[in-house]
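J.: Got a predicted structure here, sequence first:
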Amino acid sequence: MRAKTATTTTRRAQIVAAAIEVIAEAGFDNASFSRIAKHAGLSSTGMISYHFAGKDDLLAACVAEIEQVTGAFMQPWIDAAQGYVAQLRAYVEANVALVGEHPVEVRALIDVVRKVGAVSPGVNGRLALFEEHFRAGQAAGEFGSFDPRITALALTTGLDAVVATVAADVPEPAELARIGRELADLYTRATAPGPEGGTS
């Protein structure tokens, strides 16, 4: 029983990895079972159907895997940051750096969210997460006076645009790091108390 379970888990992981790579390379619309099976080295699409109830089930598994990978990369950056401003900077820089470390997963997630956005809890939950972060940071005196929801929307959409751009043609590590710093500088200046950001 244990051997069978381990084999099933390994096969599922193999299919998910292949699906993510196919989506990143060919796009969600072209990620057919036949293409995924070929990429995974499977003898037929029946192997996919055996492990997944359908494309939606496989897609959910892909998103869960991508979010696990991205979270494992980004969370240590955020956890190491002290204070609301530092955590904002850490999130932005980590998100941009993520592209260099996991370009396949990032490209796949971008295309999936573009086509079926509701499938990604992590992406969909960011607006509320940042709004709360800004409110708490304002209460602590680290951020200026601004509309937290509008600013959260500007942050997520702007960050997504930059990430999508660099993911399409990943720069060298030094350039990617510079882009992350520049973007983080922009958001920290825009949200700072006093003359640099919102009015106090």
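T.: Here it is on my side, so go on. Bear in mind the structure is a predicted one, so any value in this text is a computation, not a measurement. Numbers count the residues shown, from 1 in each chain.
J.: leaving aside the residues next to it on the chain, what's closest to Ala26?
T.: Of all residues not flanking Ala26 in the chain, Arg35 sits nearest, at 6.8 Å (C-beta to C-beta, 6 or more residues apart in numbering). Any C-beta I mention is one placed from the backbone N, CA and C, and that applies to glycine too.
J.: quick one: which helix or strand includes the one you found?
T.: In this structure, Arg35 sits in helix 33-40 according to DSSP states H and E.
J.: With only the CA atoms kept, save the helix or strand that that helix is followed by in PDB.
T.: Downstream of helix 33-40, the first helix or strand assigned by DSSP H and E is helix 46-51. Extracted C-alpha coordinates of helix 46-51, given in PDB (Å, rounded to 0.1, in the frame of the first residue of the first chain):
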ATOM      1  CA  GLY A  46      -5.300   8.100 -19.700                       C
ATOM      2  CA  MET A  47      -2.500   8.400 -17.100                       C
ATOM      3  CA  ILE A  48      -3.500  12.000 -16.500                       C
ATOM      4  CA  SER A  49      -7.200  11.100 -16.300                       C
ATOM      5  CA  TYR A  50      -6.400   8.400 -13.800                       C
ATOM      6  CA  HIS A  51      -4.700  10.800 -11.400                       C
END
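J.: Which pLDDT value belongs to Arg189?
T.: Arg189 is assigned a predicted lDDT (pLDDT) of 96.
J.: I'd like to know which elements the helix or strand of the chain with the lowest mean pLDDT is packed against.
T.: Lowest on mean pLDDT, DSSP states H and E among the helices and strands of the chain sits helix 121-124, with a mean of 77. Here helix 121-124 touches helix 55-80, going by 3 or more C-beta pairs under 8 Å, 6 or more residues apart in numbering; DSSP states H and E.
J.: Name the residues of whatever helix or strand comes next after the helix it packs on that come out as buried.
T.: Sequence order places helix 84-101 as the next helix or strand after helix 55-80, per DSSP H and E. Going by neighbour count (16 or more other C-beta atoms under 10 Å), the buried part of helix 84-101 is 84-85, 87-101.
J.: ok, now stretch 36-55?
T.: For stretch 36-55, by 16+ other C-beta under 10 Å, it's 36-37, 39-40, 42, 47-48, 51-52.
J.: related to what we said a few turns ago, give me the contacts around the helix holding Arg35.
T.: With contact meaning C-beta atoms under 8 Å, 6 or more residues apart in numbering, helix 33-40 is reached by 14-15, 17-19, 21-22, 26, 43-45, 47-49, 55, 58.
J.: ok, so of the residues you listed, who is nearest Thr188?
T.: Glu21 (35.5 Å; C-beta to C-beta).
J.: Show me the shaky parts of this structure.
T.: Residues of the chain that meet the criterion pLDDT under 70 lie in 1-6, 117-119, 195-200.
J.: redo that, cut-off 90
T.: In the predicted model, the chain carries pLDDT under 90 at residues 1-11, 28, 43-44, 47, 53-56, 60, 112-126, 194-200.
J.: If you count neighbours, what's buried in stretch 67-86?
T.: 67, 69-70, 73-74, 77-78, 81, 84-85.
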